[in-house]
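Visitor: here is a sequence with its predicted model. Questions after.
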Amino acid sequence: MKLDVIKLDGSKAGSVDLGEDIFDLEPRADILHRVVRWQRNKAQAGTHKVKTRSEVSYSTKKIYRQKGTGGARHGARSAPIFRGGGVYKGPVVRSHGHDLPKKVRQLGLKLALSAKAKAGELIVIESAASDGKTGALAKQVKELGWKRALIIDGAEVNEDFAKAARNIEGLDILPTMGANVYDILKRDTLVLTKAGVEALEARLGKGDAK
């Protein structure tokens, strides 16, 4: 499939051929859901923790005699039924991540790119270069109509462009290796540089799904 290439000032800069095996696939909501869930679970901290009976600070001395009190038998104040006692089967520090086959992750990225292309939300620009001035870039972004956009560049991001984009609300930029399903889908517009298109096709063609 062929798509027009523009510059940041809105002028045309030719066209580019996009691989149909990456940018023209039929939608698969089930695959996209699996990949997004894998991403979010992997990013979850899992640092929530409560103290168990062995960790609360109490004396281990028996709190009262075994028999003759008329009450239930107890050995320590750290039991879960007492106020301030340890928590029974509470949350502990753990990883929420799970495995997902590399081929599924790779297919998910292709489907996310295809979804943006089919929805008309994919734009290709010649390059993402700037003089580092936020005001000038913000004006260009406004004129182009980008409200919530993700820009994917080549192997490296232009430092001046990244500096200028840092303070523009709704605009993010990633190198090709940082491209992921979740970030692509949650933006209204996906912007690829020509270098980004080439790098993505090389990355997905090699079966890499990092």
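Guide: Received the coordinates, thanks.
Visitor: now the strands for the chain?
Guide: For the chain, applying DSSP state E gives strands covering 2-6, 12-17, 122-125, 149-152, 171-174, 189-193.
Visitor: may I ask you to name the longest helix in this structure?
Guide: In the chain, with assignment by DSSP state H, the single longest helix is helix 102-118.
Visitor: ok, residues contacting that one?
Guide: 1, 3, 18, 21-28, 31-32, 34-36, 38, 122, 179-181, 184-185, 190, 200, 204, 207-209 (C-beta atoms under 8 Å, 6 or more residues apart in numbering). Where C-beta positions appear, they are placed from N, C-alpha and C, glycine not excepted.
Visitor: who are the contact partners of the residue nearest the centre of the chain?
Guide: Nearest to the mean C-alpha position of the chain, by C-alpha atoms, centre = their mean, lies Tyr182 at 4.7 Å. Tyr182 sits next to 35-36, 39-40 when contact means C-beta under 8 Å, 6+ apart.
Visitor: any regions of the chain where pLDDT drops low?
Guide: Residue ranges of the chain with pLDDT under 70: 206-210.
Visitor: could you pull out the helices in it for me?
Guide: 20-23, 29-43, 102-118, 134-144, 159-165, 181-185, 194-205.
Visitor: using CSV, list the CA coordinates for the fourth one.
Guide: Spelled out, that is helix 134-144. In CSV, the C-alpha atoms belonging to helix 134-144 read as follows (Å, rounded to 0.1, in the frame of the first residue of the first chain):
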residue,chain,number,x,y,z
THR,A,134,9.1,24.0,21.8
GLY,A,135,7.0,27.0,20.6
ALA,A,136,7.9,26.4,16.9
LEU,A,137,7.1,22.7,17.1
ALA,A,138,3.9,23.2,19.0
LYS,A,139,2.7,25.6,16.2
GLN,A,140,3.5,23.0,13.6
VAL,A,141,1.7,20.2,15.5
LYS,A,142,-1.4,22.4,16.0
GLU,A,143,-1.5,23.3,12.3
LEU,A,144,-1.3,19.6,11.4
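Visitor: what's that helix packed up against?
Guide: Counting by 3 or more C-beta pairs under 8 Å, 6 or more residues apart in numbering; DSSP states H and E, the packing neighbours recorded for helix 134-144 are helix 159-165.
Visitor: returning to that earlier point: among the contacts of helix 102-118, name the buried ones.
Guide: Neighbour counting by 16 or more other C-beta atoms under 10 Å classes 3, 18, 22-23, 25, 31-32, 34-36, 38, 122, 179-181, 184-185, 190, 200, 204, 209 among these as buried.
Visitor: noted, bye for now.
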